[in-house]
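[1] Pasting a predicted model and its sequence here:
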Amino acid sequence: MQSSSVSPANSKGLILLLGVAVGVIVANLYYAQPLVGLIANSLGLDPAGAGLIVTLTQIGYGLGVLFLVPLGDLLENRKLILTILAVAIVSVLGLALSTSLVPYFAAALLTGIGASAVQIIIPYVAHITPEAIRGRVVGSLMSGLMLGIMFSRPISSLLTDLLSWHAVFYLSASLMIVLAFTLYRFLPKRQPLNSGISYSKLLASMGHLFVRTPVLRRRAIYQAFMFGAFSVFWTTTPLLLAGPDFQLSQTSIALFALAGVAGAISAPLAGRFADKGLIRSGTAISMAVAAISFLMTHLFPMGSMLSLSLLVISAILLDAGITANLVLGQRAIFSLRAKYRSRLNGLYIATIFVGGAVGSTAGAWAYAHGGWAMTSLVGFSMPALALIYFATEWLTGFQKRRRKIAPAVAGASH
């Protein structure tokens with residue numbers, strides 16, 4: 001039976017704490033993004049394979065949300081979150097201590113797994129939030145998540161400039177140790193309703209849920225394409241900005257990365273859209289904005305101040321579009337049956353991060369072989385394909401409405 005001790009989570013203080021928590025934890029997935037070239041060079045990795053530095057962490061995250069996050073429907077949530085957070089702390093320390101390729105890759109994979117604690121926190125909050133404001137509350141947590149993502153890049157760039165890339169992960173481990181003690185002190189317990197089900201049956205049910213839940217499938221595929229575009233952009237723009245066209249320092253790249261923070265403002269706005277029943281309209285807008293953000297980078301020659309300004313605007317628009325679509329998707333799946341919420345969220349996020357892993361690898365490969373021209377084409381194609389697939393949802397809905405209207409029209413003609 002669900003514990004009544006979760007009721008204090010309706011307080012603003014706990015929501016704020018959990019917003020900070022998801023930001024601190026999820027940042028571990030992105031600290032390495034602006035440092036791909038430096039870390040690859042330090043570990044002796046070929047530039048064409050540099051995308052693996054980010055990709056392995058994303059794969060680990062995908063594994064975590066697929067195999068650990070569903071446990072939120074089975075095990076007491078507070079203990080589960082703290083256990084997975086402990087894995088994250090140990091693995092991030094492993095990244096900080098790594099001086100060769102194999103230990104770094106192993107720690108990167110485990111870091112992604114540990115970061116999956118975020119996706120237990122989000123359904124936990126959805127469980128104890130009234131339906132009428134759930135979109136806004138999820139949007140608030142997504143703001144924390146996106147701020148963690150956005151600030152992770154400039155923080156890692158600045159620390160690397162001042163000290164070394166190892167210092168970034170020492171800082172992260174310290175922050176998470178403080179967070180773990182804080183959550184231990186203030187996070188209420190929550191015992192899920194499915195405590196009698198076995199882990200094997202829990203996992204087996206996920207396949208059925210994915211097949212039989214069209215809302216989940218569509219929202220997951222939409223966001224997989226969108227997150228792929230996000231990964232393409234943020235894996236390659238540090239390489240572009242440090243390259244011969246712009247020749248920016250790590251500090252300047254950090255300032256560029258701060259631009260993406262502005263995109264986080266779309267999260268609560270998207271939540272309000274969702275609470276008003278405007279999920280479809282918001283989805284179409286977010287996908288179109290993401291696609292346009294890549295096209296606009298070609299309006300001026302690379303290396304000019306105007307092209308740099310457009311890259312900044314592009315980063316803001318892309319991050320806003322990806323964030324809004326993420327919130328809209330989670331609001332849609334959290335409206336489904338509560339007893340499946342962690343499993344639905346696990347399937348949703350796992351699918352998304354397959355797209356992210358593909359985007360990181362494809363982006364690094366495209367940039368190595370065709371520069372920004374090929375990279376931006378790959379990035380544009382992802383939200384464009386999502387928009388095309390989304391159009392079939394409108395078409396299906398239109399056809400259903402026609403089938404309902406046709407008999408009524410025929411009857412009225414007699």
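    Cool, got the structure.

[2] Could you list the low-confidence segments of this structure?
    1-11, 48, 128, 134-135, 194-195, 264, 267, 396-414 (pLDDT under 70).

[3] number of nearby residues for the residue lying closest to residue 153 once chain neighbours are set aside?
    Nearest residue to residue 153, sequence neighbours excluded (CB to CB, 6 or more residues apart in numbering): residue 257, at 3.7 Å. Quick note: C-beta positions are derived from backbone N, CA and C, even for glycine. Applying other CB atoms under 10 Å, we find 27 residues neighbouring residue 257.

[4] quick one: residue 257 and residue 158 touch, right?
    No: taking CB atoms under 8 Å as the definition, residue 257 is not a contact partner of residue 158, at 9.7 Å.

[5] What segments of the stretch 201-350 of the chain are helices?
    Ranges of helices in the stretch 201-350 of the chain, per DSSP state H, counting those that start in this stretch, are 214-242, 250-258, 266-275, 279-295, 305-333, 341-412.

[6] Rebuild these as TSV, extending it with distance to residue 84.
    Compiled in TSV, those are given as follows (distance: least, CB to CB, whole Å):
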stretch	distance to residue 84
helix 214-242	21
helix 250-258	27
helix 266-275	23
helix 279-295	30
helix 305-333	19
helix 341-412	13
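
[7] now for those helices, which one comes closest to residue 143?
    Closest approach to residue 143 among those (CB to CB): helix 266-275, 4.3 Å.

[8] and that closest one with helix 279-295, angle?
    If you take axes from the mean of the first three to the mean of the last three CA atoms, to 10 degrees, helix 266-275 sits at 150 degrees to helix 279-295.

[9] Tell me how many other residues crowd residue 96.
    Counted with other CB under 10 Å, residue 96 comes out at 18.

[10] nearest spatial neighbour of it, skipping sequence neighbours?
    residue 169 (3.7 Å).

[11] so who does the one you found touch?
    31, 92, 93, 95, 96 (CB atoms under 8 Å, 6 or more residues apart in numbering).

[12] Residue 263 too?
    With contacts defined as CB under 8 Å, 6+ apart, residue 263 is in contact with 146, 150, 315, 316, 317, 318, 319, 320, 321, 322, 323.

[13] make it 7 Å
    Contact analysis of residue 263 by CB atoms under 7 Å, 6 or more residues apart in numbering lists 146, 316, 319, 320, 323.

[14] what's the closest of the helices of the stretch 201-350 of the chain to residue 197?
    helix 341-412 (10.5 Å).

[15] The closest one to helix 305-333, inter-axis angle?
    80 degrees.

[16] one step back: would you reformat the contacts of residue 169 as JSON lines and include distance to residue 192 and secondary structure?
    Below are these laid out as JSON lines (distance: CB to CB, whole Å; DSSP: H, G, I helix; E, B strand; the rest coil):
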{"residue": "31", "distance to residue 192": "32", "secondary structure": "coil"}
{"residue": "92", "distance to residue 192": "28", "secondary structure": "helix"}
{"residue": "93", "distance to residue 192": "31", "secondary structure": "helix"}
{"residue": "95", "distance to residue 192": "32", "secondary structure": "helix"}
{"residue": "96", "distance to residue 192": "35", "secondary structure": "helix"}
